[in-house]
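Colleague: Next input, structure requested:
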Amino acid sequence: MVSIISINYNQALVTCAMVASLLRATYPRIEIIVVDNASPSDNPDVITERYPQVKLIKSDQNLGFAGGNNRGLTEARGEYLLFLNNDTEVAPGFLEPLVQLFEHTPTAGIASPKILFYHTDNLIQYAGSRGINPWTGRSITVGYLEADRGQYNYSHPTQLADGAAMMVPRRVLEAVGPMPEAYFLYYEELDWCETIKRAGYSCHYVAESTVHHKESVSVGKFSVLKTYYMNRNRLLFIRRNCRGWARWTSTLVFLAAALPKKALQHSLHREWPHLRALGRGLRWHLQHPQVG
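Modeller: Next up, the predicted model:
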């Protein structure tokens, strides 16, 4: 069985579209678990009214991405666990290649499919990863914004999975533990990938599986929330995963170049809430010197 876990936050109809696509999947044994992260103004009950086979978990507080997925894990029964963003729609045969990878590769620990931007002319969001640049703390995604012409139609080990769609066997979860909840939103799946790899497992890109991603529906493409967590968590990832000179260089580049550049951009556009979000993110690290 594959347990598919997704987080809903104020986007019940978007989540319904994801569920509808999952119910067209050709894989014979799935369960769908949706964790509502205390949606403040949108009733998630419409999900189970339309699709009673969905297991809906209503959290009384917003647990974030990692916390919400970890809450879903407590109800999951599958041998394989697929974490899927609610703003995705899937190809009918997307599960079989992912399961086949883990059935035939015992050392595989985590995998993501090819991810295309929804309602585009097959623009690629993810076709594997070259990992996090240890000197800058920035991720390098293969194929990003390229038209999909089949140039990445081969599966292979890769450096990082993509949090929009990633599968983990239960045996790996039991070996390494759940997603780290210190991030709340963004970078947690990258941190988890590094933990899985340090435990001796490999990360994979599965080209035969395809998911379409609407991207940033839940938080907005240019939200203050995204500004805060993307910048706070980039530094948090560096602190938790970089070692030696790479840690100090990545931190220096972030503090001396990336952060001032973003602050200047927000100032020039008079985006004061975003500028304050940058400050709050930096202050969080000063208040949490032992994290990482």
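Colleague: Could you verify my assumption that residue 240 touches residue 291?
Modeller: Yes - in this structure residue 240 lies within contact range of residue 291 using C-beta atoms under 8 Å: 7.3 Å. (C-beta placed from N, C-alpha, C; glycine too.)
Colleague: any residues in contact with both of these two?
Modeller: residue 182 (C-beta atoms under 8 Å, 6 or more residues apart in numbering).
Colleague: Can you pick out the residue with more neighbours from these two?
Modeller: Neighbour count, other C-beta atoms under 10 Å: between residue 240 and residue 291, residue 240 has more, with 19 against 12.
Colleague: okay, the more buried one: pLDDT?
Modeller: Model confidence at residue 240, given as pLDDT, is 90.
Colleague: Just list the residues touching residue 146, thanks.
Modeller: 123, 124, 127.
Colleague: just residue 33 next, same as before
Modeller: Applying C-beta under 8 Å, 6+ apart to residue 33 gives the contacts 3, 4, 5, 6, 54, 55, 57, 72, 75, 76.
Colleague: I'd like those as TSV, with distance to residue 157, secondary structure and neighbour count appended.
Modeller: Putting these into TSV (distance: C-beta to C-beta, whole Å; DSSP: H, G, I helix; E, B strand; the rest coil; neighbours: other C-beta atoms under 10 Å) gives the following:
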residue	distance to residue 157	secondary structure	neighbour count
3	24	strand	23
4	24	strand	27
5	24	strand	24
6	26	strand	25
54	33	coil	22
55	33	strand	17
57	33	strand	19
72	27	helix	23
75	31	coil	13
76	26	coil	21
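Colleague: Check those residues against residue 209 and report the nearest one.
Modeller: Nearest to residue 209 out of these is residue 4 (C-beta to C-beta; 13.1 Å).
Colleague: That closest one contacts residue 30, doesn't it?
Modeller: Yes - Residue 4 lies in contact with residue 30 (C-beta under 8 Å); the separation is 5.8 Å.
Colleague: Please identify every residue contacting each of the two.
Modeller: Joint contacts of residue 4 and residue 30 (C-beta under 8 Å, 6+ apart) are residue 22.
Colleague: residue ranges of the strands in the stretch 51-200 of the chain, please?
Modeller: In the stretch 51-200 of the chain, the strands defined using DSSP state E, counting those that start in this stretch lie at 55-58, 80-84, 88-90, 108-117, 124-126, 129-132, 139-141, 156-158, 165-169.
Colleague: Among these, show the one with the smallest mean pLDDT.
Modeller: Among the strands of the stretch 51-200 of the chain, strand 139-141 scores lowest, at a mean of 87.
Colleague: Would you mind listing the outside residues contacting that strand?
Modeller: For strand 139-141, contacts defined as C-beta under 8 Å, 6+ apart pick out 125, 126, 127, 128, 129, 130, 131, 132, 133, 160, 162, 190.
Colleague: Name the nearest residue to residue 17, ignoring sequence neighbours.
Modeller: residue 89 (6.2 Å; C-beta to C-beta, 6 or more residues apart in numbering).
Colleague: Now that we have the contacts of strand 139-141, which of them are buried?
Modeller: The neighbour count (16 or more other C-beta atoms under 10 Å) marks 125, 126, 127, 128, 129, 131, 132, 160, 162, 190 as buried among these.
Colleague: Can I get the residues you listed in TSV including distance to residue 113?
Modeller: Shown next, in TSV, are the buried ones among the contacts of strand 139-141 (distance: C-beta to C-beta, whole Å):
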residue	distance to residue 113
125	11
126	8
127	10
128	11
129	13
131	18
132	21
160	14
162	8
190	17
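Colleague: Could you export the longest helix along the chain as PDB, CA atoms only?
Modeller: When the chain is parsed with DSSP state H, its longest helix is helix 224-241. C-alpha atoms of helix 224-241 as PDB (Å, rounded to 0.1, in the frame of the first residue of the first chain):
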ATOM      1  CA  VAL A 224       5.500  38.000   3.600                       C
ATOM      2  CA  LEU A 225       5.200  34.500   5.100                       C
ATOM      3  CA  LYS A 226       7.300  33.100   2.200                       C
ATOM      4  CA  THR A 227       9.900  35.900   2.500                       C
ATOM      5  CA  TYR A 228      10.300  35.200   6.200                       C
ATOM      6  CA  TYR A 229      10.600  31.400   6.100                       C
ATOM      7  CA  MET A 230      12.600  31.200   2.800                       C
ATOM      8  CA  ASN A 231      15.300  33.400   4.200                       C
ATOM      9  CA  ARG A 232      15.200  32.200   7.800                       C
ATOM     10  CA  ASN A 233      15.400  28.600   6.800                       C
ATOM     11  CA  ARG A 234      18.100  29.000   4.200                       C
ATOM     12  CA  LEU A 235      20.400  30.000   7.100                       C
ATOM     13  CA  LEU A 236      19.000  27.300   9.300                       C
ATOM     14  CA  PHE A 237      19.800  24.700   6.600                       C
ATOM     15  CA  ILE A 238      23.400  25.900   6.500                       C
ATOM     16  CA  ARG A 239      23.700  25.700  10.200                       C
ATOM     17  CA  ARG A 240      22.400  22.200  10.400                       C
ATOM     18  CA  ASN A 241      24.000  20.700   7.400                       C
END
